[in-house]
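[1] I'd like to go over a predicted model; first the sequence, then the structure.
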Amino acid sequence: MKENIQLKQKKPRKRKIITAVIFFIIFLAIVYFGWAEYNQWWKARKEYVRMGLAEDKFPYRMYTERELIEMGRWPVESKYYDSIPTRTTPEETYAKFRQALIDEDSDKAAECFIDEKRDTVRKGLVDIFGDKQLKDQMLEDLPIKIDSIDIIGRSSVYYDYSIIREGKKIAQTMSFVKSLNGDWLIEDL
């Protein structure tokens, strides 16, 4: 009888040990796979931060397409850009720019350019307006009206024109970029 009692006491003890070992192995597996997953996530986030696609502060939030476009880190061709309704065409922007040159309004002319170039353009135009000869030369070099635009993409267009200097024909290109509010602005002149 004592032997039966001892056997019965050993079995639950063995089960407890086996159950504990199984739970420990499962716990280790969860920790291992969790750590591996975290490591992979961490490396991916570091790479996204390095490429400028995510914030550099924890939890390393990915930037949205709109934020990337605003920061200039997204290709110009995008579904987001395609969905922006056009408020001002390149032709209208150019006409406004040319009229501002005639009126010698550097602020109005600078508004026709992308944000990054506005201050530079404004300062340059103030200098040009100070010299009537330079202003007349600039107006003479620019076409009166643009009408045949070579479309490269849905959010950027180029217009080719030529000027004649000292008897030579010189090809020029004017580029426009669609802003996030739907206005086409001059990027390069």
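    Thanks, I have it.

[2] for I186, name its beta-bridge partners.
    F113, F176 (DSSP bridges).

[3] report how many residues lie close to it.
    23 (other CB atoms under 10 Å). C-beta here means a position set from N, CA and C on the backbone, and glycine is covered the same way.

[4] how close does it sit to I146?
    In this view, I186 and I146 are 11 Å apart by CB to CB, to the nearest Å.

[5] do W41 as well
    Distance from W41 to I146, by CB to CB: 50 Å.

[6] do D127 as well
    Counting by CB to CB - D127 and I146 are separated by 25 Å.

[7] what do you get for D115?
    Taken as CB to CB, the span from D115 to I146 is 22 Å.

[8] repeat that for I164.
    18 Å.

[9] residue ranges with poor pLDDT in the protein?
    1-11, 74-83, 147-155 (pLDDT under 70).

[10] repeat that for 90
    1-18, 34, 36-95, 97-107, 109, 114-119, 121-189 (pLDDT under 90).

[11] helices of that one, residue ranges please.
    2-51, 65-71, 79-83, 90-102, 106-110, 118-130, 132-141 (DSSP state H).

[12] so which of those helices comes closest to Y159?
    Evaluated over the helices of the chain, closeness to Y159 peaks at helix 90-102, with 7.1 Å, by CB to CB.
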